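1. sequence first, then the predicted structure, then my questions.
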Amino acid sequence: AAGSFGFGGLFLYIASAPAFILDLLHLNERQFAWLFIPTIGGMALGAYASGRAAGRIDGARAVRIGYACIAMATLYNIGYNALAPQMSVPWAVLSLPLASFGVALIFPILSLAILDMYPRQRGTASSMQAFSTLLTNSIIAGVLSPLLSRSGLWLAIGAGLFAVASGVAWKWERNSQRAQRAAAQP
């Protein structure tokens, strides 16, 4: 859930790209780069940073940094959309590279945590992770994007709710693991 919801906030913007670019930002069909370059750039930098941090920074600390990036991006995005009289570039897309950086930073750690939960069934765990992400993205594209893409503020709030759901799922899992370890010790 943490991984699926974490990426879900970004996927909401990807699924809403036509409405976001054409209707909300009033750009033309040749200007989709305003959405995709910042998003992909943030993902690439986050993946690079995650690779460099592996073995150097504790995974839990890297996840906290990733969620902090997502939180800052979410607060900016909601604030901008609530206060701006008219959405415009580059301001409307400034949150995307920071959010996608955070998602790319946490996703490998979340994926490894899922695999570690089921050490004898890693293939099944990986398949379930992919299934839950695809299912979440299908619901986002088919249901949520059409409902939320009429307003920049609604998109920002929707992405923010996915970020919160991801953080809550991660925290819940971490607390469950701690409780299991404590119960296993005499």
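-> That came through, no problem.

2. helices and strands around the lengthiest helix in the chain, which ones?
-> Among the elements of the chain assigned as helix by DSSP state H, the one spanning the most residues is helix 152-184. Here helix 152-184 is seen to pack against helix 2-15, helix 59-83, helix 95-117, helix 145-148 when contacts are counted using 3 or more Cβ pairs under 8 Å, 6 or more residues apart in numbering; DSSP states H and E. Where you see a C-beta, it was placed from the backbone N, CA and C, and this is true even at glycine.

3. can you rerun that using 6 Å?
-> Under the contact definition 3 or more Cβ pairs under 6 Å, 6 or more residues apart in numbering; DSSP states H and E, helix 152-184 sits against helix 2-15, helix 59-83, helix 145-148.

4. against which helices or strands is the longest one packed?
-> When you say that, I think you mean helix 59-83. Taking 3+ Cβ pairs under 6 Å, 6+ apart as the contact cut, helix 59-83 packs with helix 95-117, helix 152-184.

5. name the residues of the longest one that are buried.
-> Of the residues in helix 152-184, those buried by neighbour count under the rule 16 or more other Cβ atoms under 10 Å are 152-163, 165-167, 169-170, 173.

6. surely residue 69 is in contact with residue 96?
-> No: Residue 69 is beyond contact range of residue 96, at 11.5 Å (criterion: Cβ atoms under 6 Å).
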